[in-house]
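Engineer: 3D model of this:
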Amino acid sequence: MAEERVQRRLAAILAADVVGYSRLMEADEAGTVARLRTLRKEVFEPVTAQFGGRVFKTMGDGALAEYPSAFDALQSAVDVQRELAARNSDLPENMRIMLRIGISLGDVIVEGDDLYGNGVNVAARLEGIAHPGGICVSGNVYEHVRNAAEIGFEDLGELEVKNIERSVRAYRVLIDGAPNATPRMASAPKPVMARHWPTLAAAVVLILAAGGVAWWQPWVSIATSQRLSIAVLPLDNLSGDPTQDYLADGITEDLITDLSRIRGAFVIARGTSFTYKGKSLDLKEVARDLNVRYVLEGSVRRAGDQVRINAQLIDGETGAHIWSERFDREFKDVFSLQNEITGRVASALRLELLEAESNRLKQGPPASMEAWDYALRGWAELWTKTVSKESTLEAKRLLEKAIALDPKLALAWTGMARVHFVAAIYPFGIGERIESFKNAVEAAETATALDPRSAAAHVELGMALRTQRRYDEAGNACAKAVELNPNFEEGFACLAMIKQAIGEPKASLPLFERSLRLAPRLPTDARRFFFIAWGHLLAEQHEEALAYTNKSGTVDPRFPGPYWVRAAVYGWQGKKEEAKAELAKLAKLDKPLSTLEGMRRQYAHVKGMEHAFEGLRRAGMPEK
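Structural biologist: Next up, the predicted model:
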């Protein structure tokens, strides 16, 4: 009997996958399934059919489609991503469904309605390389579509991808001139030519000019090679004593800071990393959610004067262990131990650790480890999600002990600057507002003098100076923080808030976006989204302002800022009933902000607030 002949054909294959599917399902299983079904029926399937394609396989979090030509597949992918972006624009971050898309052109095996073979496999691997909301295509697809109108391409070179014997030439698609995919090499690290080694360049240049400062300009994109990107997850405290959490957290913070100084590294900010604390994690899913290549995790166990740290570096693409080790040291040697871990990570990734720029390597251990211990405890109080009078006073007590033991400990003075700043902006009755801001400036100046290379100290100084309308000095301080640590999201947020305060709200928005990229999620996102909404309001971009107030309210409906921004927008739009409702909510949450007199007093340091005040007047906010 003659052997049945295998049916083959050449086809363009599109592979699409939902970003963060497990996280979405865990948060809202029924809602996620319903939204996916709607998007599949209203977007993916109709657009696929429009360009002559057919969906031949669907999974819970993805789909495969076949097209008659590479051009049809690409046009379909672009339309799908544009439509999803439009639909997501009005949704909070935790409800957005985003796709990664990969496209290849190759030989496939036909088996009924299903397709198999190298063409399908390559498309699936390219999808894994794509950035959320982005598209990545193979070299032979590029050759067919390279002249497509309104679409640009960036050559990623020859990439080694999982389970594909030969390297794959890949291109990222630039929709409307914007990068929509970031390369994520799926093999173990190996030396590459310079053109495959895009570096993270976030240098800050300050040019003194007549009348003030020429600000740092974002001419280099942060979204660089995934080969150099890493998230440091909070080290687990295995001491059996929850009160020792502060030590594990402090060591994690130092590792994030030191890894940020590796040449060309992109490191997720502390605030976002700590949202994963205490959770059972799929490290591959974490890497995909944060769009990083590597994940560093581990644990800390302290028993008396002995400390044991376990650390392991994971390839987020494959889940493979690149490096792991256990360290046993005396507590007094914990500083050299952290330096050693950072160096091992750098060596494992074949990156260059700039020891001259590493703060702790340069400064050495503190004069008193007990003082350092108290300082970490104080910062642990300041890092709590809910700021309170009790946590602020406890932080002050612990930091004062640290300073008494070691008056030259910059970490403690930086914490004291934060304590005074919090005392000034929250109505706790801890101290008089103007005096507290003055104390914050003095403490931050002491910290920067003791440790000129502390990015955190410079941010505290910049934020405190901003409230005193010393904008040029504040700008210098925040820009210095970004120069010292290009991965410090607080530095970019600080710069943004100063631009906003001097009456340049439009210039603040790209800086806020950089902060968002470095820290995709934070416990303080309600405040961050409020500041962005506020910037859009001052820039008279009312719809954008509303969108960000909705994001802020979703994170924390108790935070008062979004309510007055919404009321001002509704005032300008003539929506009196909606404005009245927002003002009523504001009055319940923050009585001092419920009058124009109170608003002017609260935001006296911000220029260009007239548009906001006029909107609130139209909304019906009383003068007194």
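
Engineer: going forward, measure contacts and count neighbours with C-alpha atoms only.
Structural biologist: OK.

Engineer: host element of Lys284?
Structural biologist: Using DSSP states H and E, the secondary-structure element containing Lys284 is helix 283-290.

Engineer: quick one: residues in contact with that helix.
Structural biologist: Residues from elsewhere that reach helix 283-290, judged by Cα atoms under 8 Å, 6 or more residues apart in numbering: 19-20, 22, 231, 268, 293-295, 314-319, 520.

Engineer: what distance separates it from the middle of the whole chain?
Structural biologist: Computed by Cα atoms, centre = their mean, to the nearest Å, the chain-centroid distance of helix 283-290 equals 13 Å.

Engineer: what does stretch 110-121 give?
Structural biologist: 38 Å.

Engineer: so what's the residue nearest to Gly278 when sequence neighbours are not counted up against?
Structural biologist: With sequence-adjacent residues excluded and distances taken as Cα to Cα, 6 or more residues apart in numbering, Gly278 is closest to Asp236, at 7.6 Å. Contacts for Asp236 were tallied using Cα under 8 Å, 6+ apart; they are 245, 248, 278, 298-300.

Engineer: quick revisit: what subset of the contacts of helix 283-290 is buried?
Structural biologist: Applying 16 or more other Cα atoms under 10 Å to the contacts of helix 283-290, the neighbour count classes 19-20, 231, 268, 293-295, 314-317, 319, 520 as buried.

Engineer: taking the residues you listed together, which two end up most distant?
Structural biologist: By the measure Cα to Cα, the buried ones among the contacts of helix 283-290 have their two most distant members at Gly319 and Pro520, which lie 21.8 Å apart.

Engineer: surely Tyr294 is in contact with Gly319?
Structural biologist: No. Taking Cα atoms under 8 Å as the contact criterion, Tyr294 and Gly319 are not neighbours in contact, 9.2 Å apart.

Engineer: about what we covered before: only the buried members of the contacts of Asp236: can you turn that into a ChimeraX selection?
Structural biologist: Applied in ChimeraX, the following selects the buried portion of the contacts of Asp236 according to 16+ other Cα under 10 Å:
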select :245,248,298,299,300
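
Engineer: lowest-confidence entry in the contacts of Asp236?
Structural biologist: Comparing pLDDT over those, Gly278 scores lowest. The value there is 76.

Engineer: doesn't it lie inside a strand?
Structural biologist: No. Note on Gly278: no strand contains this position according to DSSP: H, G, I helix; E, B strand; the rest coil, which reports coil.

Engineer: how close does it sit to His420?
Structural biologist: With the distance defined as Cα to Cα, to the nearest Å, Gly278 ends up 30 Å from His420.

Engineer: and for Arg326, the neighbour number?
Structural biologist: When neighbours are defined as other Cα atoms under 10 Å, Arg326 has 13 of them.

Engineer: kindly state the beta-bridge partners for it.
Structural biologist: Arg326 has the following beta-bridge partners by DSSP bridges: Asn310.

Engineer: thought it was touching Val300?
Structural biologist: No. Arg326 is beyond contact range of Val300, at 10.0 Å (criterion: Cα under 8 Å).

Engineer: which residues do these two both contact?
Structural biologist: Taking Cα under 8 Å, 6+ apart as the contact criterion, the residues that touch both Arg326 and Val300 are 308-310.

Engineer: low-confidence ranges, the stretch 51-200 of the chain, go.
Structural biologist: For the stretch 51-200 of the chain, residues meeting the criterion pLDDT under 70 lie at 60, 148-150, 160-165, 176-200.

Engineer: so where do the helices sit in it?
Structural biologist: Listed in chain order, the helices of the stretch 51-200 of the chain (DSSP state H, counting those that start in this stretch) span residues 70-88, 118-129, 139-145.

Engineer: grab the CA positions of the second one and hand them over as PDB.
Structural biologist: When you say that, I think you mean helix 118-129. As requested, the backbone C-alpha atoms of helix 118-129 are provided in PDB (Å, rounded to 0.1, in the frame of the first residue of the first chain):
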ATOM      1  CA  ASN A 118       9.000  25.200  11.200                       C
ATOM      2  CA  GLY A 119       6.900  28.200  10.000                       C
ATOM      3  CA  VAL A 120       4.600  27.800  13.000                       C
ATOM      4  CA  ASN A 121       7.500  27.300  15.400                       C
ATOM      5  CA  VAL A 122       9.400  30.400  14.300                       C
ATOM      6  CA  ALA A 123       6.200  32.600  14.600                       C
ATOM      7  CA  ALA A 124       5.700  31.300  18.100                       C
ATOM      8  CA  ARG A 125       9.300  32.100  19.100                       C
ATOM      9  CA  LEU A 126       9.200  35.600  17.600                       C
ATOM     10  CA  GLU A 127       6.000  36.300  19.500                       C
ATOM     11  CA  GLY A 128       8.000  35.600  22.700                       C
ATOM     12  CA  ILE A 129      10.500  38.200  21.700                       C
END
